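>>> Sequence and computational prediction follow.
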Amino acid sequence: MNGEQRTGAALFVTTWLPQPTAQGTAMRAWQLLNLLRHRHAQVSVLLAPDTAVSQAQLDCLRAAQPKVTVQFVDAGLDAPTRRARTRAIMHGESWNLVLVFRAEAAYLVAGIPAGDAPWWLDMDELASYRERGIATLAKARGDAASAEYHRRLALAMMLVEKGQLERYQKIFFSSGREAARLADQGQACKLAVLPNIYRDVPALPPRPEPERRQCFRLLFVGALNYAPNHDAVEWLAQALAPAIRSRLDGGVELLVAGGSPQPELVKTMARAGIHYLGFVPDLSACYASADAVLVPLRHGTGTRIKILEAFALGRPVVSTSTGAEGLEVQPGQELLIADDPDAFAAAVLKLRDNPETAAALVNAALTFVRDQHSQMALHEAWDRTTNSS
């Protein structure tokens, strides 16, 4: 990547603030921005967030990406004004490539003339499928209003997604599974995969041996205002934790790291004896002190960067089938799969009592993430797409 020739100008349109360590979507935006910076002599970001972004956050982005021009559309504006501001910023400018990040940004730029530049869309995940899943979770917990809201949002996003097939020359997803959900609507030749990746990290202390302390420490990481993560922590507290404690004779410590939980979820964790760490800006220490990472998701789209993060940081993973969806992993090779409380408890016990099994999983997982979800893998996938255009 160091010897690349940077040519032309690129525009990156996003409603997500690109960040190197944050929620997985923000991390994907950061990696795509870095990719453009490696490929183009000039890169501009048109940032039109749906939620407030502070001046300090903008300053951090500009400081971290000093060669990138950032143009900002305030989240406090109503939708028509945001679209008008976006159109005004783009009017009269010319680029060699326009890369739009996710369906939300595609809606924002809908109707803006494409000009001569190719317009590519990174869909990441299929938003309509995500919203249908969130509606299902809301219905299951008896929240009819939220279920109806997300059902309607899923229908709206489905119309947006269908409209993208004509406008964009290339449409990217984080996994082949996500791309397949749109492929049956035709024009599959436009669809391609850009894998989620995890940044390079410094070496961590050796994995702690369980006998060095009384408890086997388990970690869950995720933004708790995201419905599938909220559901995962509820399930962890209400079903998985009792099963795991019973199987391990109480010798287990459960930790959750993630911001923006509902107050009731905090109480649920406390009642279950789960240590809630809050939002942790740098998770390295959390991973370094954990014996294993749990990913008990029962719904989700895209690919879980939290699994790639655990792989890269050398921690064995126990996940549901849904949690590992979209990653080309083999159960028992890179991670353990469990889809009910008894299976989770058995998997955790296996890791505690068989350090050699845990070490084998970690080694295979590190190889997997380096081969398929590294910066090099992302650049190679991009080059394949560029060369096929």
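Arrived safely.

>>> Please give the element, helix or strand, for residue 217.
Element membership for residue 217 (DSSP states H and E) is strand 216-221.

>>> hey, where'd the helices end up in the stretch 201-350 of the chain?
227-235, 241-247, 263-271, 284-289, 305-312, 341-353 (DSSP state H, counting those that start in this stretch).

>>> Am I right that residue 13 falls within a helix?
No: read with DSSP: H, G, I helix; E, B strand; the rest coil, residue 13 is strand and lies in no helix.

>>> quick one: it and residue 109 touch, right?
Yes: look at residue 13 against residue 109 with C-beta atoms under 8 Å: they come within range, at 5.8 Å. Every residue, glycine included, has its C-beta placed from N, CA and C.

>>> what residues are shared contacts of those two?
86, 100 (C-beta atoms under 8 Å, 6 or more residues apart in numbering).

>>> and these two? which has more neighbours close in?
Counted by other C-beta atoms under 10 Å, residue 13 and residue 109 do not tie: residue 13 has more neighbours, with 25 against 21.

>>> Can you give me the neighbour number for residue 348?
26.

>>> do the same with residue 94
Residue 94 has 11 nearby residues by other C-beta under 10 Å.

>>> can you pull the contacts of it?
9, 115, 116, 117.

>>> Just give the nearest non-adjacent residue to residue 103, would you?
residue 127 (4.5 Å; C-beta to C-beta, 6 or more residues apart in numbering).

>>> from memory that neighbour sits against residue 161, does it?
Yes: in this structure, residue 127 is within contact of residue 161 by C-beta under 8 Å, at 6.9 Å.

>>> any shared contact partners between the two?
Counting by C-beta under 8 Å, 6+ apart, the contacts common to residue 127 and residue 161 are residue 103.

>>> Wait, residue 137 touches residue 229, no?
No: using C-beta under 8 Å, residue 137 is not in contact with residue 229; the gap is 10.6 Å.

>>> Is residue 177 part of a helix or strand, or is it coil?
Residue 177 ends up helix, using three-state DSSP.

>>> Is it in contact with residue 325, as I believe?
Yes: Residue 177 is in contact with residue 325 according to C-beta under 8 Å; the separation is 6.4 Å.

>>> Could you give the separation of stretch 262-276 from the chain centroid?
Here stretch 262-276 is found 24 Å from its chain centre; the criterion is C-alpha atoms, centre = their mean, to the nearest Å.

>>> residues of it that come out buried?
Buried residues in stretch 262-276, counted by 16 or more other C-beta atoms under 10 Å: 265, 266, 268, 269, 272, 274, 276.

>>> Then stretch 129-145?
Buried residues in stretch 129-145, counting neighbours by 16+ other C-beta under 10 Å, are found at 129, 130, 131, 132, 133, 134, 135, 136, 137, 138.

>>> now stretch 28-48
For stretch 28-48, the neighbour count (16+ other C-beta under 10 Å) marks 28-37, 39-40, 42-48 as buried.

>>> try stretch 274-287
Buried, per 16+ other C-beta under 10 Å, within stretch 274-287: 274, 276, 277, 283, 286, 287.

>>> what are the bridge partners for the nearest residue to the fifth one once chain neighbours are set aside, then?
This points to residue 286. Spatial nearest neighbour of residue 286, chain neighbours left out: residue 257 (5.4 Å); criterion: C-beta to C-beta, 6+ apart. On the basis of DSSP bridges, residue 257 is bridged to residue 221.

>>> what ranges do the strands span in the stretch 1-150 of the chain?
Under the criterion DSSP state E, counting those that start in this stretch, strands of the stretch 1-150 of the chain are mapped to 9-14, 42-47, 68-72, 97-101, 119-124.

>>> From residue 171, how far off is residue 93?
According to C-beta to C-beta, to the nearest Å, residue 93 and residue 171 sit 23 Å apart.

>>> same deal with residue 234?
Distance, residue 234 to residue 171, by C-beta to C-beta: 34 Å.

>>> Residue 348 now?
The gap separating residue 348 from residue 171 is 39 Å, by C-beta to C-beta.

>>> which residues of the chain score low on pLDDT?
Applying pLDDT under 70 to the chain flags residues 1-5, 184-187, 200-213, 388-389.

>>> In it, spot the helix with the most residues.
helix 144-167 (DSSP state H).

>>> just how off-centre is the helix or strand just after that helix within its chain?
The helix or strand immediately downstream of helix 144-167 is strand 170-173, counting by DSSP H and E. Relative to its parent chain, strand 170-173 has a centroid offset of 16 Å by C-alpha atoms, centre = their mean.

>>> who touches strand 170-173?
Contacts for strand 170-173 (C-beta under 8 Å, 6+ apart): 118, 120-126, 164-165, 179, 182, 190-194, 302, 385, 389.

>>> Can I get the buried part of the residues you listed as one ChimeraX selection?
Per 16+ other C-beta under 10 Å, the buried members of the contacts of strand 170-173 correspond to this ChimeraX selection:
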select :118,120,121,122,123,124,125,126,164,165,179,182,190,191,192,193,194,302
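
>>> quick one on the thing from earlier: tell me which of residue 93 and residue 171 has more neighbours.
Between residue 93 and residue 171, residue 171 has the larger neighbour count (other C-beta under 10 Å), namely 22 against 14.

>>> So which of the buried residues of stretch 262-276 is the closest to residue 21?
Of all the buried residues of stretch 262-276, residue 21 sits closest to residue 276, with 19.5 Å by C-beta to C-beta.
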